[in-house]
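Enquirer: The following comprises the amino acid sequence and a computationally predicted model.
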Amino acid sequence: MSLEFGWRALTHISQIDESTYGKTIKVGGWIEDIRNLGGIAFIQLRERDGVLQVTTIKKESEELFKKLTSLSRESVIVVEGKVQENKEAKRGFEILPDQVEVLSEADTPLPLGVADKVGAELDTRLDNRPIDLRKPKENAIFKIRSVLIEGIREYFMKEKFVEIHTPKIVAAGAEGGATLFPIQYFGSDAYLAQSPQLYKQMLMSSGFERVFEIAPAYRAEKSDTTRHIAEFTSLDVEIAFVKSSEDVMDCAQELVRDAIEHVSENAKDELGLFNVELEIPEIPFKRITHKECVEVLKEKGEGLTPEDDLDTVGEKLIGEVMKERHGIDFYFITEFPTAIKGTTFYAMRKSEDPSLTGYFDLGYGGLELVSGGQREHRYDVLVNQMKENNMDLESFDFYLIAFRYGMPPHGGFGLGIERFLQKMLNLSNIRECVLFPRDRSRLVP
Ligand code: AMO
């Protein structure tokens with residue numbers, strides 16, 4: 001007789017408490033370890049919410065005992081049995097099985113240990129990602145990620161934003177040619193979208209007023225770093241009728257604070273695995289201008305000129321300085337010079353000083369998390385800025401059309417979801433925050 005089960009018929013560890021003792025339940029999971037003492041065996045069964053003990057006694061059922069103790073590690077079973085208090089067991093209870101159904105036997109040896117104390121190299125882990133993700137900590141990263149995205153959505157829904165989905169196969173890049181991935185599109189040249197930038201702006205002319213998108217963005221990054229990947233998840237925001245970049249910064253800081261609060265309240269167990277206690281940052285975030293960054297970095301022996309964007313070393317140093325001087329993790333770097341952001345043809349320059357833009361980055365402990373600002377919405381000025389950047393206006397006509405027939409002032413920002421998670425959990429490599437990361441040397445799994 002086979003054991004009846006279904007996706008809603010299983011009990012999870014999180015649902016078991018003293019009131020469950022004495023009751024018969026069904027649990028499904030992976031065999032993490034078997035300790036066979038001859039007459040009694042303890043099976044550690046890992047299921048969605050953790051590991052529980054299944055105790056099988058030979059003299060009670062030799063058949064069950066044999067069945068369970070002969071299985072390979074990581075085989076998948078469903079057990080039906082009684083929950084019994086057992087102070088010796090890690091969870092304080094165990095399951096005494098009445099029936100066991102073997103659903104999938106695992107091959108041996110395993111390419112990667114799941115319960116082993118010794119960690120494998122990141123590359124070996126990523127090569128065997130489905131198995132790597134069985135480890136509670138790796139698994140928890142993606143549960144936290146899901147809660148983080150839930151918190152982000154909650155903020156935007158509360159503020160009456162519309163969630164949008166823009167094309168990822170595009171005819172023109174928004175963030176410069178250097179990181180574009182060219183593809184063939186029915187005989188025409190096309191690219192993978194680096195950012196929904198042009199589309200989120202175009203929608204400001206359509207009357208949506210506030211939009212956000214959470215979607216993949218593609219960058220052919222030239223070097224391998226611990227903070228760049230070729231496919232990342234970009235949170236993109238665009239707001240119409242902004243007065244200046246100030247409105248955009250307001251939105252970014254509220255979002256970040258609310259998202260962190262949501263994670264700290266709704267992913268307590270998972271955060272515990274990382275020994276992380278999230279501090280809810282206070283807003284408004286402190287600011288440092290790009291010019292001040294140049295001075296600070298000069299003091300630290302870094303030769304940044306006012307025309308240079310911050311590199312990784314500069315970003316890290318500014319993070320350290322903001323922590324030392326103000327005890328903060330989040331800070332805005334403001335007033336990026338036109339000499340840097342001017343290549344971002346869509347950035348609005350300051351009317352009182354066109355050598356500066358209102359563009360900002362939001363730093364999170366030495367990592368650039370967000371970048372954004374007010375856009376240039378005036379058609380003639382925009383066209384001039386595009387000409388300055390030697391852009392082919394004809395191939396951007398689909399974009400410019402939105403500016404010719406009524407475009408409100410607007411601004412927005414982009415935030416890298418993986419970087420947010422990486423910093424929140426203090427992970428050394430961004431690849432830990434992607435299920436199946438893509439980089440210069442990785443296209444599978
Ligand atoms: P930017 O290019 O600065 O701005 O990107 C915005 C944010 O996206 C994240 N990010 C990345 N994360 C992982 N790997 C990468 N290769 C990578 N590249 C970027 C970072 C970064 O701060 N269109 C503008 C946004 C705007 O102005 O609205 C843009 O894409 O967290």
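Expert: Great, that's in hand.

Enquirer: Can you name the next helix or strand after the helix or strand bottoming out on mean pLDDT in the chain?
Expert: When each helix and strand of the chain is scored by mean pLDDT, DSSP states H and E, helix 338-341 comes last, with a mean of 85. Next in sequence after helix 338-341, counting helices and strands by DSSP states H and E, comes strand 360-364.

Enquirer: The very next helix or strand once past that next one close to the ligand?
Expert: Sequence order places strand 367-374 as the next helix or strand after strand 360-364, per DSSP H and E. Yes - with Cβ under 6 Å from any ligand atom as the measure, strand 367-374 is seen reaching the ligand through 368-372. Every C-beta, even on glycine, is put in place using the N, C-alpha and C of the backbone.

Enquirer: Mind giving me the packing neighbours of the strand or helix carrying Glu32?
Expert: According to DSSP H and E, Glu32 maps onto strand 24-36. The contact analysis (3 or more Cβ pairs under 8 Å, 6 or more residues apart in numbering; DSSP states H and E) places strand 24-36 against strand 40-47, strand 50-57, helix 62-69, strand 76-85, strand 93-104.

Enquirer: Could you list the buried residues of the least confident helix or strand of the chain?
Expert: For helix 338-341, a neighbour-count test (16 or more other Cβ atoms under 10 Å) marks 338, 340-341 as buried.

Enquirer: go on, stretch 280-292?
Expert: In stretch 280-292, counting by 16+ other Cβ under 10 Å, buried: 281, 285, 288-290.

Enquirer: go on, stretch 307-324?
Expert: 308-310, 314-315, 317-319, 321-322.

Enquirer: mind listing which of these are in helices?
Expert: 314-315, 317-319, 321-322 (DSSP state H).

Enquirer: so who does His377 touch?
Expert: 204, 348, 403, 407-410 (Cβ atoms under 8 Å, 6 or more residues apart in numbering).

Enquirer: List buried members of these by neighbour count.
Expert: So, by 16+ other Cβ under 10 Å, the buried ones in the contacts of His377 are 204, 348, 403, 407, 409-410.

Enquirer: hey, where'd the helices end up in the stretch 151-300 of the chain?
Expert: 197-202, 245-266, 268-272, 290-299 (DSSP state H, counting those that start in this stretch).

Enquirer: list the helices and strands the shortest one packs on?
Expert: Spelled out, it's helix 268-272. Using 3+ Cβ pairs under 8 Å, 6+ apart, the elements in contact with helix 268-272 are helix 136-158.

Enquirer: Show me which of the buried residues of stretch 307-324 is closest to Ser19.
Expert: Gly319 (48.5 Å; Cβ to Cβ).

Enquirer: Do I have it right that the closest one meets Gly365?
Expert: Yes - contact criterion Cβ atoms under 8 Å: Gly319 and Gly365 qualify, at 5.0 Å.

Enquirer: Okay, now the unreliable bits of the protein?
Expert: 1, 342 (pLDDT under 70).
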